[in-house]
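[1] quick check, what structure comes out for this input:
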Amino acid sequence: MRPYPVLVMLLLLVVQWGCSQTVLVPVSPRMDLKNYGTFGLVQFASNSDPAINSYATQQFQEQVQGAYPGTAILELGNRETVLAAVGAGQLDAEAITKIGQKYGVSAVFLGDITYSEPTTNFRIGDITKLHGGVRSEVRGDLSTKLMETKSGASVWSSSAWATRQIGSVSLSTKGGVNTTVGDANPRKAMVPALIYHVTEDFRPKFVRQKVQQ
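    Numbers count the residues shown, from 1 in each chain. From the prediction side, this is the model:
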């Protein structure tokens, strides 16, 4: 028998033995929601249309309750409605305390999405060969926080950003002109990714650890 197959088998055995000496260990979420009672959820606000606000709020609630099944969340409506109900002008600590007293919630989730104006980037690869392109995209920034109603203090916050392509045009002497159309609604399309990232603190993680011999 040639030595090469034997060496390969030995290496595979070593790798397998090394892998068998590690296990995946769950790590608790950074933010534990079990100690809270009922949460209030104010509809997310954005500089887009109301349908985006409703969609983002729904996505956020699904992620929270997916991480903590059975979590009680009371949908409070949009900011204007909530503020009018407690006689406040803005969602400050005093208003959050009043929300807790009126609706019987221990903490309130808030979220804001800010979309940029579409930006266009020009790229010129080789002007002598008419090679280049144009790409347009929009960016969204999401910020969220959780505020306790007893003190009005913020106990958790998270943020994320994402971009989506609106369209692009490429030009070359070989390929001619190629046009690519992005998402029909890029602002809505980026919402699930934004929500997933800001709710990472609620989900457990797994790390690989060596087994003690």
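
[2] any idea where the helices of the chain begin and end?
    For the chain, applying DSSP state H gives helices covering 3-20, 50-67, 79-86, 93-103, 186-189, 191-198.

[3] which residues sit against the third one?
    What it means is helix 79-86. 42, 43, 45, 76, 89, 90, 91, 95, 98, 99, 102 (Cβ atoms under 8 Å, 6 or more residues apart in numbering). To be clear about C-beta, it is placed using only N, CA and C from the backbone, and glycine gets the same treatment.

[4] confidence-wise, which helix or strand of the protein is lowest on average?
    strand 176-181 (a mean of 44; mean pLDDT, DSSP states H and E).

[5] for residue 164, find the nearest of the helices of the chain.
    Among the helices of the chain, helix 186-189 comes nearest to residue 164, with 3.5 Å by Cβ to Cβ.

[6] coming back round to it: quick one: the helices of the chain as a markdown table, columns for distance to residue 138, mean neighbour count and mean pLDDT too.
    Output for those, formatted as a markdown table (distance: least, Cβ to Cβ, whole Å; neighbours: other Cβ atoms under 10 Å; pLDDT from 0 to 100):
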| stretch | distance to residue 138 | mean neighbour count | mean pLDDT |
| --- | --- | --- | --- |
| helix 3-20 | 44 | 10 | 53 |
| helix 50-67 | 12 | 18 | 97 |
| helix 79-86 | 23 | 15 | 97 |
| helix 93-103 | 31 | 18 | 97 |
| helix 186-189 | 5 | 19 | 92 |
| helix 191-198 | 12 | 19 | 97 |
